[in-house]
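A.B. asks: Kindly return the folded structure for what I paste below:
(4 chains)
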There are 2 protein chains.
Amino acid sequence: MAIGGRNYTTQGTKERILEAAGEVFVAHGFQSATVREICRKAGVNIAAVNYHFRNKENLYLATLRYCREISFKKYPVYPDMRESEQPEERLRSFVHSFVFRVLEEGKASRFAKLVAKEYVQPSKALDVLVKETMRPAFTRLFAIVRQLAGKGPDDETVRYCCMSIVGQFLFFLYARPVLKRLFGKASFKAEEIAAIAEHITLFSLHAIRGLKG
Amino acid sequence: MAIGGRNYTTQGTKERILEAAGEVFVAHGFQSATVREICRKAGVNIAAVNYHFRNKENLYLATLRYCREISFKKYPVYPDMRESEQPEERLRSFVHSFVFRVLEEGKASRFAKLVAKEYVQPSKALDVLVKETMRPAFTRLFAIVRQLAGKGPDDETVRYCCMSIVGQFLFFLYARPVLKRLFGKASFKAEEIAAIAEHITLFSLHAIRGLKG
DNA sequence: AGATGATTAAAACAGTAGTTTGACACGGGA
DNA sequence: TCCCGTGTCAAACTACTGTTTTAATCATCT
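C.D. replies: Residues are numbered from 1 along each chain as shown, chains lettered A, B, ... in the order given. You can find the predicted model right below:
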């Protein structure tokens, strides 16, 4: 049961299932997704899921990890940036990589879409997601905003600012179906994504400076 | 089939179903919610749903409308405010009623929670939601922000600002399960909600002023 | 070649979903 | 009193779900 897997066809089957599972879970969510559709898309037998992943829930967790790896490999937390950088640049870098991770048209944005569903309909997976992904990200962001805000504002204010920044990401993470219906726009070119990231950066920098005093 | 309903027991059954449906749809979402659980909570027979609402999807739409009415009756769009008011105050009013509609502990926040699920897993209901609820709200917000920003920024910048503001609402609409795990906080007292609304107002006002020039 | 263990395939299983059915209760009008 | 439409109820129906079973296939090592 998935001990070594020296057989190359196994790797092929497992990966094909993970790819198809990514598609289907993004499209329908954990509950509504069916292993039958996943297997049909992957071109494998139904029993393969239970053989390679034990059950549906385990496949979901594996898919979450698989998609996270893809997303963070393409858009790292700090792309070629030193800790000693100016806080404005660190915020800009944080925002840009985050926004691309969310808005990109491709496999790298699957993780963000799965996380979106997890927010709204939490499962056991959310605990590990918060622990491994969100809490570290929030800690990094808090340090950046604290540096930008200076010593004036208290911790609660800084925390609220972080939430305001994250909220702006969430808009584009969630509102895509609404944007499509409001403005007829469903996908973004790389330059547009960069423009959005730059807007969020400037909007937040101005706000923090204003709150500073 | 739900023509008049002069029988008072009918009204009781229909409303009990709608109340229970609100609870269950908020808790599990449309797909995962079962009519059996709804009927058990409502204390009615399973067949009552199909008798009064034809089918599950129709019950869902009715529940959405029912919850929207409750939410907007308690927190109107412009609570005792004239159009001639200063734009700062109009933004503040817009933000406050929105935030309360989202964060309140009670039946009035059910609509926001249902909409949140609808964003992530759109169904046929989203089209009518966008048309009847989101588009008018976005138009009102756009007018306020345009007035705040002056004639300098172009329409796209103003639109991005609106998205940044709405995004901050979304954070608290979505991130509650995460906030619970991050800070151990799941519910907010009225003063805290007001403080959050005030933060979002100030954060956004500073940002818009900064972008103004 | 034959044995071995990992992998795949088809079929069946048990549980649950939404929906439908047909019988029954009840209140008011002819 | 009889009838009829509205509303309620228990039970069944059909479809689909995740999972398991059993047998067949394949690559690899002796």
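A.B. asks: Every contact and neighbour count from this point should use C-alpha atoms.
C.D. replies: Will do.
A.B. asks: Check which helices and strands the helix or strand hosting A:Thr157 sits against.
C.D. replies: Taking DSSP states H and E as the definition, A:Thr157 sits inside helix A:155-174. Other elements packing on helix A:155-174 under the criterion 3 or more C-alpha pairs under 8 Å, 6 or more residues apart in numbering or on different chains; DSSP states H and E are helix A:87-103, helix A:110-120, helix A:135-149, helix A:190-212, helix B:155-174, helix B:190-212.
A.B. asks: can you tell me if the fourth one touches chain B.
C.D. replies: Meaning helix A:190-212. Yes: using C-alpha under 8 Å from any C-alpha of the partner chain, helix A:190-212 reaches chain B at A:196, A:199-200, A:202-211.
A.B. asks: surely A:Leu160 meets B:Glu198?
C.D. replies: You called it Leu, but residue A:160 is Tyr. No: the criterion here is C-alpha atoms under 8 Å, and A:Tyr160 misses it with B:Glu198 at 10.7 Å.
A.B. asks: need the contact list for A:Arg181.
C.D. replies: B:127, B:130 (C-alpha atoms under 8 Å, 6 or more residues apart in numbering or on different chains).
A.B. asks: For it, give its distance to B:Arg135.
C.D. replies: With distances taken as C-alpha to C-alpha, to the nearest Å, A:Arg181 is found 9 Å from B:Arg135.
A.B. asks: Then A:Phe138?
C.D. replies: A:Phe138 is 32 Å from B:Arg135, by C-alpha to C-alpha.
A.B. asks: buried residues in the helix or strand bottoming out on mean pLDDT in chain A?
C.D. replies: Lowest by mean pLDDT, DSSP states H and E among the helices and strands of chain A is helix A:8-32, with a mean of 88. For helix A:8-32, a neighbour-count test (16 or more other C-alpha atoms under 10 Å in any protein chain shown) marks A:13-14, A:16-30 as buried.
A.B. asks: chain center to that helix: distance?
C.D. replies: Its chain's C-alpha centre and that of helix A:8-32 lie 18 Å apart, by C-alpha atoms, centre = their mean, to the nearest Å.
A.B. asks: what's the following helix or strand after that helix?
C.D. replies: Later in the chain than helix A:8-32, the nearest helix or strand by DSSP H and E is helix A:35-42.
A.B. asks: And the contacts of that following helix?
C.D. replies: A:13, A:16-17, A:19-21, A:24, A:45-46, A:48-49, A:56.
A.B. asks: go on, stretch A:151-160?
C.D. replies: Applying C-alpha under 8 Å, 6+ apart, the contact partners of stretch A:151-160 are A:142, A:145-146, A:149, A:211-212, B:196, B:199.
A.B. asks: Selection in ChimeraX covering whichever of these are buried, please.
C.D. replies: Entered in ChimeraX, the line below selects the buried ones among the contacts of stretch A:151-160, by 16+ other C-alpha under 10 Å:
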select /A:142,145,146,149,211 /B:196,199
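A.B. asks: Please tabulate the contacts of stretch A:151-160 in CSV, including the columns pLDDT and distance to DNA strand D.
C.D. replies: Below are these laid out as CSV (pLDDT from 0 to 100; distance: C-alpha to the nearest atom of the strand, whole Å):
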residue, pLDDT, distance to DNA strand D
A:Phe142, 97, 39
A:Val145, 98, 43
A:Arg146, 97, 45
A:Ala149, 97, 48
A:Leu211, 95, 49
A:Lys212, 89, 51
B:Ile196, 96, 40
B:His199, 98, 43
